[in-house]
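Asks: quick one, structure for this:
(2 chains)
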Amino acid sequence: MSDTPRTAEPRLVARGLRKVFGPTVALDDVSFEIGAGEVHALLGENGAGKSTLLKILAGVHCADHGTVEIEGRRWQPSDPDAARRGGLAMIHQELALAPHLDVAENVMLGIEPTRGPLIDHRRLRDRARQALARVGRSELPLRAPVSTLGIADRQLVEIARAVALGARIVVLDEPTSSLGKGDVERLFTLIRELRDEGTSVVYVSHFLEEVRAVADRFTVLRDGKTITSGAVAEHDDQALVQAMVGREVEDFYPRSTRTPGETLVEIQAVTGAPTPRSASLALRRGEVVGIAGLVGAGRTEFLRAIFGLDPIRSGSVSVAAFGNLPADRPDRRWLARIGMVSEDRKREGLALDLSVAENMTLPSLDRFLSPRALEARSRPFIDRLGIRCATPAQPVGALSGGNQQKVAVARLLDADVDVLLLDEPTRGVDVGARATIYSAVDDLARGADGKPPRAVLIVSSYLPELLGTCDRIAVMTRGQLGPARPVGELDEHSILLEAVGSAS
Amino acid sequence: MSAAPPEASGPNPGGPSPFRSLLSRLGPLLGLVAVWSLFAVTVKEGNFITWENQRLMLLQTAIVGTAAVGATLVIVSGGIDLSVGSAIALGTVVVALLLQAGVPPFLAGLGGTVFGALVGAAIGAMVTGQIAAVSAFLVAGSLVSWVGGALELSLWVSIPAAAAVGAAAFWWTARSGVARIPLSPFIVTLALWGGLRGIAKGLGDNKPVYLEAGSDPWLVDLMVNQESGPFAVAAPGVWIMLAVATFTALLLRHTRFGRHVYAIGSNEETARLCGIQVERRKIGIYAFASACAGLAAVLQFSYLGFGDPTSASGLELQVIAAVVIGGASLAGGEGSVLGTLVGALIMTVVDNGCTNLELANWVQEIVTGAIILGAVVVDRLRHR
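Replies: Numbers count the residues shown, from 1 in each chain, chains lettered A, B, ... in the order given. Take a look at the predicted model:
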């Protein structure tokens, strides 16, 4: 796989790219090559410059210096549409589909075949069908509105669109962030097929095992510079992480000895509409509990039901000192010293226009307050989690994803909660911020800050993370929550078996 | 807690430079100074820069300004209120009717303001899905007032009774588990834009509501410049506007409620996640804003000397324009009371200056339109 024959003429060559936004140097002398029929992984922490680089390729930004050539010709698309027509298709994390239009219309969006002034619907459907067949999903109903499809199928619709365009370069930006294991495998198969047909694929991901599974070569960016390029097979994980982070990562998952204390939260037979189904769990002081499962199994719904964000049909959530908590009242959760980090930072987790300080202190404001005092209050947490911001008054939207996530976590520290519900706490977060979050979780669970140990509940799709941080893990399968078992009795294989519903 | 590892993340995202942040805070104020200076230079014989004209312009701002200060809360929270003008017209009628019925001036003014707050609470309740409870309030309240009218009870009995029974009906319906139907504030206040003016016309029997000849309550003097006394610099109405503005500015900046307004406008989902009771807050926001509109109605009544169901038409758009020129975003999360006041003043200055230049009305209207667009464009550029 590493020795994919390189054509004499690489398909895409970038030389000396530089891009400056105001005081920020986003890219500085970035150069790399991508061959025809090659899957090229683009690695780097959030803020390393990957997004800027992708935007230059896709015609959103124009480089200040440097050149991009595709097949020997200067590549300077005036806008994303020009890039698409030029043969470079970008598939974003947030899928760019029109939910009300049907599958065929989405595949052919912007390239609808016409007959005179009218759309030729028959040809449109034929060509959409061919494109879907090439991505291995010919059975998708052409007339179903895209909003009725699952996330994996939507992504395939978008890839089919790239195929229909005849794209020679397909850029996938963290394509697996919301896919289940099976869908990831299918996506990888498709990527390999595209590659074998001569398409170049640029693959952006945080997950090294994915890179290893699908990519031939890689380029690492750090602080806007190209650090290294090479064949994936010739570099081990340690080397790749070190190139990304610029330092040795030791003790990625710190886990000190913890002693579980009294039960803080008793969740009994919580049933939502439609998931979870009669889920019970006890959270104890000084213990980190994980919930594994496939995307769509109902893990997020379970957390939201516990926190009163979604209505529940039956069941109860009770806290030792506060009794049964009323459903549908997140404010009572905060009063009962429970806090939650949402899986969706942009839509729900943070108010991006508000400042770092305001986001951090929002759940626990006094009736009367001074903005300056709030900023002072947020400073210790900014230091403790190493949040990189100019001032606490800076809008949170201006920070990198990892730093944003730290702000979301710091909110729970500021509110001084006893129970932390963390939904995908490291999704879209760079390696450095992940390490910080893991060590913060460990510190909280053992009470390293002099306060009583906390209880932590983590939902994650990333099994190494759960196995590394948790004391017990429960698996959710189609809304049903299994027993929380000590992590020593589990491994990735057994969890996956349970998650797909084939265990016992 | 172990030290967080030094993060090898991208270049530190620079905060806004102090100069730019100052500029963005002072932007509308600079606009005001520019517009004012322009007219100061161009209007002949110094008519524009006379002290009397400054007092007049403040007075001309009082009504829109008072209502716009309240509307700032609504717009910052991501909502909109199109019913302000109609609410003010209805308010003038309510104040006039109360005075006619022999209610003392202070209580009549308070009555107009409280009535406004009630209208706002109804808007907030409908926006948050309590249309059934609002209907129950209206039906029960009207029933009690009708019975009170038939029994010829005094207003002192029938109004509180109607309010109490209405409130009980509201509470009971809200608790009964009847389906919630959230409506967009645009729709709710568009309906009230027509509805409230209709009620005003109905209450006033389609005519202005005049006070009895000879009765001359001090409430009609709020919009006249006083010639003596410690506050003689400006008319009482101007002081009322400034007091409301100061109170609201403190409310927005230094209270939990105020910060919740920004949080809801910036991201409602985040507000909910952080335990903010969004529904309750919204009712408070609209009630406060409409109480300001009620106070503006008192000023409008004072200015007219009678209740007029056809007055203040189109004023809602001036109010929204003032808030937007003042730097608020219609998407929510941004805006300030000072900006809104400056926005209202800019519109008055343009109005007054154009009149002084003897430009036709249509020129003023075009200029005001251009300023609204200009303010938003400048704001966009600032956010680059």
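
Asks: quick one: the residue most central in space within chain B from residue B:47, how far?
Replies: Note on chain B: the residue nearest the mean C-alpha position is residue B:67, at 2.7 Å, using C-alpha atoms, centre = their mean. According to C-beta to C-beta, to the nearest Å, residue B:67 stands 28 Å off from residue B:47. Every residue, glycine included, has its C-beta placed from N, CA and C.

Asks: hang on, the earlier thing: was I right about the residue nearest to the centre of chain B contacting residue B:83?
Replies: No - contact criterion C-beta atoms under 8 Å: residue B:67 and residue B:83 do not qualify, at 10.9 Å.

Asks: report the contact partners of residue B:323.
Replies: The contact partners of residue B:323, taken as C-beta atoms under 8 Å, 6 or more residues apart in numbering or on different chains, are B:68, B:71-72, B:75, B:335, B:339-340, B:343.

Asks: and if you look at residue B:286?
Replies: Residue B:286 makes contacts with B:74, B:79, B:81, B:120-121, B:123-124, B:127, B:185, as judged by C-beta under 8 Å, 6+ apart.

Asks: any idea which helix or strand carries it?
Replies: Per DSSP states H and E: residue B:286 is located in helix B:278-304.

Asks: same question for that helix, mean pLDDT?
Replies: If you average the pLDDT over helix B:278-304, you get 96.

Asks: from residue A:116, how far out is the closest residue to residue A:370 other than its chain neighbours?
Replies: Leaving aside its chain neighbours, residue A:370 sits nearest to residue B:254 (6.1 Å; criterion: C-beta to C-beta, 6 or more residues apart in numbering or on different chains). To residue A:116, residue B:254 is 65 Å away according to C-beta to C-beta.

Asks: so what pLDDT did residue B:269 get?
Replies: For residue B:269, pLDDT reads 93.

Asks: correction: residue B:163
Replies: 90.

Asks: phi first, then psi, for residue B:70.
Replies: The phi/psi pair for residue B:70 (degrees, to the nearest 10) reads phi -70, psi -40.

Asks: swap in residue A:91?
Replies: With angles defined as degrees, to the nearest 10, residue A:91 sits at phi -120, psi 110.

Asks: quick one: secondary structure of residue A:339?
Replies: For residue A:339, the assignment made with DSSP: H, G, I helix; E, B strand; the rest coil gives strand.

Asks: before we move on, back to that, from what I can see the residue nearest to residue A:370 touches residue A:368, true?
Replies: Yes - contact criterion C-beta under 8 Å: residue B:254 and residue A:368 qualify, at 5.9 Å.

Asks: who's more crowded, the two?
Replies: More crowded of residue B:254 and residue A:368, by other C-beta atoms under 10 Å in any protein chain shown: residue B:254, with 16 against 11.

Asks: flag the shaky bits of the stretch 251-384 of chain B, pLDDT-wise.
Replies: The stretch 251-384 of chain B contains residues with pLDDT under 70 at B:383-384.

Asks: actually chain A, not the one I wrote
Replies: Using pLDDT under 70, chain A drops low at A:1-8, A:22-24, A:46-47, A:93-95, A:177-178, A:247-251, A:502-504.

Asks: domain-wise, how is it divided?
Replies: Each domain of chain A is listed here as a residue range: A:12-245, A:261-337+A:417-499, A:346-416, per automatic domain parsing.

Asks: mind listing what residue 330 touches?
Replies: As the question left the chain open, I've gone with chain A. By C-beta under 8 Å, 6+ apart, residue A:330 lies in contact with A:307-309, A:340, B:272-275.

Asks: chain B, not that one
Replies: With C-beta under 8 Å, 6+ apart, residue B:330 has these contacts: B:75, B:80, B:324.

Asks: and what about it, helix, strand or coil?
Replies: Per three-state DSSP, residue B:330 ends up coil.

Asks: how close does it sit to residue B:367?
Replies: Taken as C-beta to C-beta, the span from residue B:330 to residue B:367 is 21 Å.

Asks: again with residue B:174
Replies: Applying C-beta to C-beta to residue B:174 and residue B:367 gives a distance of 47 Å.

Asks: can you check residue B:273 too?
Replies: Residue B:273 is 44 Å from residue B:367, by C-beta to C-beta.

Asks: next one: residue B:156
Replies: Applying C-beta to C-beta to residue B:156 and residue B:367 gives a distance of 50 Å.

Asks: equivalent analysis for residue A:139, please.
Replies: In this view, residue A:139 and residue B:367 are 62 Å apart by C-beta to C-beta.

Asks: contacting residues around residue 229?
Replies: All of this refers to chain A. Shown in contact with residue A:229 (C-beta under 8 Å, 6+ apart): A:32-33, A:217-220.

Asks: can you tell me which of those residues end up in helices?
Replies: Members of these lying in helices (criterion: DSSP state H): none.

Asks: who wins on neighbours among those residues?
Replies: Most surrounded of the contacts of residue A:229: other C-beta under 10 Å gives residue A:220, at 27 neighbours.

Asks: in the stretch 401-504 of chain A, which residue sits closest to chain B?
Replies: As assessed by C-beta to the nearest C-beta, chain B sits closest to residue A:432 within the stretch 401-504 of chain A, at 3.9 Å.
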